[in-house]
Structure formats: structure tokens, C-alpha cells
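>>> Show me how the following folds:
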Amino acid sequence: MAIYWKCPSCKSSNSLSKRVCSCGERYPSPRKRKFVIQVRYKGIRKCAVADTLSQARELEVHIKEMLIRWKYLGAPKIKESPSVREFFKKQYLPWIRINLKSPEIPEALYYKWVDPVLGQKKLDEITVEDIERLKGNILAAGRSLRSAQHILGIMRAALNKAKDWDIFEGDNPVSKVKVPKFDNRRVRFLTQEEAGKLLEECKKRTTPNNWIYPIALIALSTGMRAGEIFSLKWQDVDLENNLIHIREAKSGENRTAFLSMEIREVLLRLAGKKEPSAYVFTNSTGQPFSGVPDVWRGIIKRLGFNEG
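Numbering: from 1, shown residues only. Next up, the predicted model:
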């Protein structure tokens, strides 16, 4: 049996008599301390982590008693925790497809951001460090704090649902990761001249499904937010009465936007024989956008609208 202190920098385990880790980190302050318990009994090995030394010593005794019982009475059959990928694919994504209005967006965000980082991890092996790495990847890619909050929120909700289904136990590691607050009141209003330049630039760009100019036109004409436009379906577009029905807007209530003749003509060209349940704007794979596309960021940067 042995108890070690865990280095907060390199995550290695050190004996209690050692006060400086090989990486140079000193024995941590009480708030940062973690203790690793390792118990081996007749070929069976078990590890655990505790926040205080007294908890670690108590756990050490309990683990040894448990291993002795297992040795002579047989270990209980414990269902192995599924991987994040397995849980999402077989249980969580099928559930949100039934229970969420626009499941395509969290599903796309999962495959783009979460799966490459956490897909192979077992649910009970996910650590705060893993979630921090996920957050870092999102922000390093130039995505906003709001996007980081949204993506981490998907993982938080998934783990909470796994707890409800008795698939996951313990604390949700996402709840221990903080994303700096963003000021949602910062709004960049365009002048009439800037709006004209933006539309002209969008007209020059060719994109799969020809979405960029119509999205810019709708945003400038109706004041709809990006998320509202990306989740728009043809059943929400009333071309006969020149209306767009915005369901569950940010205010929490449905609202209506009026279409100008120019928007109506653009949407008529896009509509074709689309199914009512189909999304109005989709990417090259036919899926709704899960965030502001890079081509849009490039246009804004080229025009210099966010400078200063």
C-alpha cells in the first residue's frame, strides 16, 4: 500500500517524504493538493484519488478491505464504462434527435470538437484537464468565448444525462472548468455604407449552396441572429405573406420578421422543391451550420469592420 502526492504541473506521483517534484514543482498548497492511493493485494491492484491526506489514508484502508473480500468471495461484476464516442453514438445522439428541436447543431459540434479530443476516453476517465484541453482547442482555433461555452455545455448536458441513466457516477468535470465571461452587450452596428460594402463583397463570393449573400441580406434586413438564421427551416418561411417565423427566439418567445421583396426573390430561387422540414441554409455536406463559417470571418476581416 502507498500514498503519493500528485504534482499539479506534470501530474506525476511523488512519495510523501519528497517535497519537490522532479519537474521542479514544490509540494502544493492545500487547495491544489491531490493524493494518489495505490493498493495491491495478491495480484489485484486498485488506485484512487483523494483531496486530503486523511481521506487518502481512510480510503487506503477501505480499498485493502475490499480487495481482501474480492480475493476470497469474488469480485462483483461491474459494467465497464462506455467510451465517450460509444455513449454519444448509441445513446445520447439518438436521444437528442427525438427530444431537441434542432439536434443537428449539437451533433455537428460534437463530431467537430468533442470527438477528436475525448472520443476514445471512457466516461469515468474524463478529467478536468481533458475538458481544459477541449476548451483550449476551441479558443486556439479562433472561436469565440460564446462558442466555447456552447460546446462545453453540450458535454456537460451529456454527462448529466449519463448520470440520470446510471451510466456515469461522480462529479461532472465540465462544471469545474470556467470559461471567461463574455460581454454579450457588445454590438457592432454597421453604417448604411458599410452594409452596402458587405453585401457587395458577399455577392462576389461563391459558396456551396449559394448561402452567403442571402444570409447577409436576411441578417441586415431583419436583425435575426446567426443562430436563428442557421436553424431556419423552410416550414418557417411564408413566401406567400412575406414572413419568417422565428421559433423560440432568444427572448424565449416566437416572433415574426417581415421579408423585403429582394429577400423574397432570393429565397424563391433557393427554395426549389425543398421539403418543409429541410434547413434553408446548409453547408457543403448538407448539414446546418454549427457556428459562424470561416468564409464569413474572412470577409469581415478583409473589410476591417472589427478593427478597433
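
>>> Please, where are all the helices along the stretch 1-150 of the chain?
In the stretch 1-150 of the chain, helices defined by DSSP state H, counting those that start in this stretch lie at 53-73, 84-87, 93-99, 104-109, 115-118, 128-140, 145-164, listed in chain order.

>>> Now do the third one: distance to the chain's middle.
Spelled out, that is helix 93-99. Counting by Cα atoms, centre = their mean, to the nearest Å, helix 93-99 is centred 16 Å from the centre of its parent chain.

>>> The spatially most central residue of the chain: what's it in contact with?
Within the chain, one residue has its C-alpha closest to the average C-alpha position: by Cα atoms, centre = their mean, that is residue 151, at 1.6 Å. With contacts defined as Cβ atoms under 8 Å, 6 or more residues apart in numbering, residue 151 is in contact with 109, 113-114, 134, 138. (C-beta placed from N, C-alpha, C; glycine too.)

>>> JSON lines for these, including neighbour count, distance to residue 255 and pLDDT?
Putting the contacts of residue 151 into JSON lines (neighbours: other Cβ atoms under 10 Å; distance: Cβ to Cβ, whole Å; pLDDT from 0 to 100) gives the following:
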{"residue": "109", "neighbour count": "20", "distance to residue 255": "25", "pLDDT": "89"}
{"residue": "113", "neighbour count": "25", "distance to residue 255": "30", "pLDDT": "92"}
{"residue": "114", "neighbour count": "23", "distance to residue 255": "32", "pLDDT": "94"}
{"residue": "134", "neighbour count": "21", "distance to residue 255": "34", "pLDDT": "90"}
{"residue": "138", "neighbour count": "25", "distance to residue 255": "30", "pLDDT": "84"}
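
>>> ok so residue 168 is a strand residue?
No. For residue 168, which was evaluated using DSSP: H, G, I helix; E, B strand; the rest coil, the result is coil, with no strand membership.

>>> gap between it and residue 18?
Counting by Cβ to Cβ, to the nearest Å, the separation of residue 168 from residue 18 is 34 Å.

>>> cool, and residue 95?
Taking Cβ to Cβ as the criterion, residue 95 is separated from residue 18 by 47 Å.

>>> Who has more neighbours out of residue 168 and residue 18?
residue 168 (20 against 12; other Cβ atoms under 10 Å).

>>> Can you get me a residue count around residue 176?
Residues contacting residue 176 under the criterion other Cβ under 10 Å number 11.

>>> Now it: closest residue in space that isn't a chain neighbour?
Closest residue to residue 176 in three dimensions, ignoring its sequence neighbours and counting by Cβ to Cβ, 6 or more residues apart in numbering: residue 128, at 4.9 Å.

>>> Need the pLDDT of that neighbour.
The pLDDT attached to residue 128 in the predicted structure is 86.

>>> domain parsing for the chain?
Residue ranges for the domains of the chain, per automatic domain parsing: 2-73, 84-176, 192-303.

>>> show me the contacts for the nearest residue to residue 126 once chain neighbours are set aside.
Nearest residue to residue 126, sequence neighbours excluded (Cβ to Cβ, 6+ apart): residue 173, at 5.4 Å. Applying Cβ under 8 Å, 6+ apart to residue 173 gives the contacts 126-128, 130-131, 159.
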